[in-house]
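J.: Quick one: sequence plus predicted model below, questions after.
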4 protein chains.
Amino acid sequence: MRRPGICRKKPPMEPYKHTVKYYETDRMGFTHHSNYIRWMEEARIDFLDQLGWSYQKLEEAGILSPVIATECRYRRSTTFPDTVSISVSVEEFRGVRLRLNYVMTNEENAVVCEAASEHCFIGKDGKILNLKKEYPAFYELLIQLVRPA
Amino acid sequence: MRRPGICRKKPPMEPYKHTVKYYETDRMGFTHHSNYIRWMEEARIDFLDQLGWSYQKLEEAGILSPVIATECRYRRSTTFPDTVSISVSVEEFRGVRLRLNYVMTNEENAVVCEAASEHCFIGKDGKILNLKKEYPAFYELLIQLVRPA
Amino acid sequence: MRRPGICRKKPPMEPYKHTVKYYETDRMGFTHHSNYIRWMEEARIDFLDQLGWSYQKLEEAGILSPVIATECRYRRSTTFPDTVSISVSVEEFRGVRLRLNYVMTNEENAVVCEAASEHCFIGKDGKILNLKKEYPAFYELLIQLVRPA
Amino acid sequence: MRRPGICRKKPPMEPYKHTVKYYETDRMGFTHHSNYIRWMEEARIDFLDQLGWSYQKLEEAGILSPVIATECRYRRSTTFPDTVSISVSVEEFRGVRLRLNYVMTNEENAVVCEAASEHCFIGKDGKILNLKKEYPAFYELLIQLVRPA
């Protein structure tokens, strides 16, 4: 049960923008597919920044958040110097495993890639963190962001 | 129907070896997760080489084989200068979409990553190739390599 | 001799900003030194954009501008998520070989890297271009930007 | 003065081989120039391995060897799947700053890149190491490898 008086409004999240670099293309003429995995990290870091829980803040608190899985479905090619917009959302989180979704669109608003990543949170002792107990504010924030199924 | 007398034996495939580079690590101390996607490409290229259908041969024949999806599940961390063995197998192929599987193990033979990639084949005209019709030898080879479910 | 009435004012060039990505760090904890070479490209592309001669415009005109040399002197380390400002200037150009200089500073305005790159211009025929003859406006612009010795 | 009876023979150094990866090419069709900086690291690591002073051994001893400068002169383009041979030699070392030279050749034995890197050695306290005093065996080895001017 949620206490009354606490603001339940989800923060309005801005998509992350990445302009394709020349060095991200390969000789097929398009962005090499491995770069989308890197853009997911950029977008995730920006997402956490917007939530007020930056990677830096997490690292300073001794929290590591390793990637345990990634998935990418490439829909359309991109190339230098396209600008790709990446929207991040929380697909699943019950306290341990965080699953994020990414929708990447080009300047014509066409989907170029749909992706997902999974993470856990590890504390200073190298053990998986119980966020609910140890970082309840962060836990609540993530829970609140889970998209309705 | 297959003609009798043709050797049906699958070629014995060697795993691909990749030694983690210093520049592939990140400040968490381990291999950055995006590199596994690149190693999959290295292993796939080696796999096709072993089959006698190198990327170069494909490119010279005007065949492009874009990546349409990737999936990675990271099981254990690796770091410089670990050597990772990557075994590639054909999970699915019926003529259009090729789905490959990758099992990556470390020097202790522990699985560090399980992955998959999906590909199609595109001809000089930019259209999806009917491999069975246009490259029957390559088609047969891939069909033959599909792992029994 | 320059004709009177033509504006000789150098365009005011804005430094290029790059925020260090997590994946650009290595296990020493800092930005891997190879990334500065990539940032030079990003800054150079931005520089040409500001001059009105974007890479794209050059590529569409059939002009390639390969890198023939790079030099980097690393003064201070950087790491995620530092923002690096990169100022580009023309050190030398007499018509064939373009030598650019780069000064990279951190948020405290301390120099983190001093660098240079050399380029030539190649036309559709694969031969070195005589910019003065074939692209006099671009030639003039570059000549004008050469820093006084 | 060197004591008699100590073997002064320089170890026979093998060139390092790197096969260009598909993902190392860019849309110009060739290897992106930033990769040569990474190959220099690969070759340097191999060079130190051959000398019996691997990066790992250095790191375990608490010695860091940051790159303080790099230079590359690109002579010929390379592309996937060329194999590049990289010969490393010690250009200069008097005890503090190590300057290495790299000559990279293609399969036709033509020089594709000439390069150099400069390094210092830093101890556990973050200060520049006096190798002669603290690691005399390593110091002697490097001094012995300096190419005659």
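T.: On my side now, so go ahead. Residues are numbered from 1 along each chain as shown, chains lettered A, B, ... in the order given.
J.: only C-alpha atoms for contact and neighbour calcs from this point on.
T.: Will do.
J.: can you tell me which helix in chain A is longest?
T.: Taking DSSP state H as the criterion, chain A has its longest helix at helix A:34-51.
J.: now what about the following helix or strand past that helix, what contacts it?
T.: Moving toward the C-terminus from helix A:34-51, the next helix or strand (DSSP states H and E) is helix A:55-60. With Cα atoms under 8 Å, 6 or more residues apart in numbering or on different chains as the test, helix A:55-60 has contacts from A:45, A:48-49, A:64, C:81.
J.: Tabulate the CA atom coordinates of helix A:55-60 in PDB.
T.: Only the C-alpha atoms of helix A:55-60 are listed here, as PDB (Å, rounded to 0.1, in the frame of the first residue of the first chain):
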ATOM      1  CA  TYR A  55      26.200   5.500 -12.800                       C
ATOM      2  CA  GLN A  56      28.700   7.700 -11.000                       C
ATOM      3  CA  LYS A  57      26.400   8.000  -8.000                       C
ATOM      4  CA  LEU A  58      25.800   4.200  -8.100                       C
ATOM      5  CA  GLU A  59      29.600   3.500  -8.400                       C
ATOM      6  CA  GLU A  60      30.400   5.900  -5.600                       C
END
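J.: what separates that helix from the chain centre, distance-wise?
T.: The chain centre lies 15 Å from the centre of helix A:55-60; the measure is Cα atoms, centre = their mean, to the nearest Å.
J.: Show me which residues of that helix are buried.
T.: When burial is assessed from 16 or more other Cα atoms under 10 Å in any protein chain shown, helix A:55-60 yields the following buried residues: A:55-56.
J.: can you check stretch A:115-128 too?
T.: Residues of stretch A:115-128 classed as buried: A:115-123, A:128 (neighbour count, 16+ other Cα under 10 Å).
J.: Quickly check the residues you listed for the two that are furthest apart.
T.: The most widely separated members of those, counting by Cα to Cα, are A:115 and A:123 (26.6 Å).
J.: re the thing from before, buried ones among the contacts of helix A:55-60?
T.: With burial judged by 16+ other Cα under 10 Å, the buried subset of the contacts of helix A:55-60 is A:45, A:48, A:64, C:81.
J.: What number of residues are in the vicinity of the closest residue to the last one other than its chain neighbours?
T.: Okay, so that is residue C:81. Excluding its sequence neighbours, the residue lying closest to residue C:81 (Cα to Cα, 6 or more residues apart in numbering or on different chains) is residue C:20, at 5.1 Å. If you count neighbours by other Cα atoms under 10 Å in any protein chain shown, residue C:20 ends up with 19.
J.: May I ask you to confirm that residue C:20 is in contact with residue C:82?
T.: Yes: the pair residue C:20 and residue C:82 passes the contact test of Cα atoms under 8 Å, sitting 5.5 Å apart.
J.: re the thing from before, and the residue nearest to residue C:81, how far from residue A:53?
T.: 18 Å (Cα to Cα, to the nearest Å).
J.: Could you do residue A:16 as well?
T.: If you measure residue A:16 against residue A:53 using Cα to Cα, the figure is 16 Å.
J.: Give me the more crowded residue out of the two.
T.: More crowded of residue A:16 and residue A:53, by other Cα under 10 Å: residue A:16, with 19 against 15.
J.: Just list the residues touching the more buried one, thanks.
T.: By Cα under 8 Å, 6+ apart, the residues touching residue A:16 are A:42-43, A:46-47, A:85-87.
J.: Could you rerun that using 7 Å?
T.: Residues in contact with residue A:16 (Cα atoms under 7 Å, 6 or more residues apart in numbering or on different chains) are A:43, A:46, A:85-87.
J.: sorry, back to before: now do the longest helix of chain A: everything it contacts.
T.: Counting by Cα under 7 Å, 6+ apart, A:13, A:16, A:24, A:54-55, A:86, A:88, B:34, B:37-38 sit against helix A:34-51.
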